[in-house]
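**Q** I'd like to go over a predicted model; first the sequence, then the structure.
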Amino acid sequence: MLVLRRKIGQVIQINDDIRIIIQDVQNEHIVRIGIEAPADIPVHRLEIYNLIQQENKSAGGAGALNWLKGASHNGSASDENSDET
């Protein structure tokens, strides 16, 4: 882990396309930062990221997988029937 000290207005650059800008420091413990990143790179607080991961795991469970298999099977069967008429 890299630990840095930065002052308000200073920037941390990650690769060519991600910048972290120190916006404000309150009570020496609360830091407000700005993050500039391309739109295709998601940026989340850790607790939100963890919730997204949990939802993705729940959606990827066996029930969802079986539903997808059934939906694709039903879709191809109706396509075959429409060719016969």
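**A** Arrived safely, thanks for sending.
**Q** Go ahead and confirm Asp24 touches Arg32.
**A** Yes: between Asp24 and Arg32 there is a contact under CB atoms under 8 Å: 4.0 Å. In this view, the C-beta of every residue, glycine as well, is placed from N, C-alpha and C.
**Q** quick one: average pLDDT of the top strand by length along the chain?
**A** Longest strand of the chain, by residue count under DSSP state E: strand 18-26. Across strand 18-26, pLDDT averages out at 96.
**Q** Beyond it, next helix or strand please.
**A** In the C-terminal direction, the helix or strand that comes right after strand 18-26 (DSSP states H and E) is strand 30-36.
**Q** List the contacts of that next one.
**A** Ile18, Arg19, Ile20, Ile21, Ile22, Gln23, Asp24, Val25, Gln26, Val43 (CB atoms under 8 Å, 6 or more residues apart in numbering).
**Q** swap in stretch 13-29?
**A** 6-12, 31-38, 41.
**Q** Name only those of these that count as buried.
**A** With neighbours counted by 16 or more other CB atoms under 10 Å, the contacts of stretch 13-29 contain no buried members.
**Q** where in the protein is pLDDT low?
**A** Applying pLDDT under 70 to the chain flags residues 60-68, 71-85.
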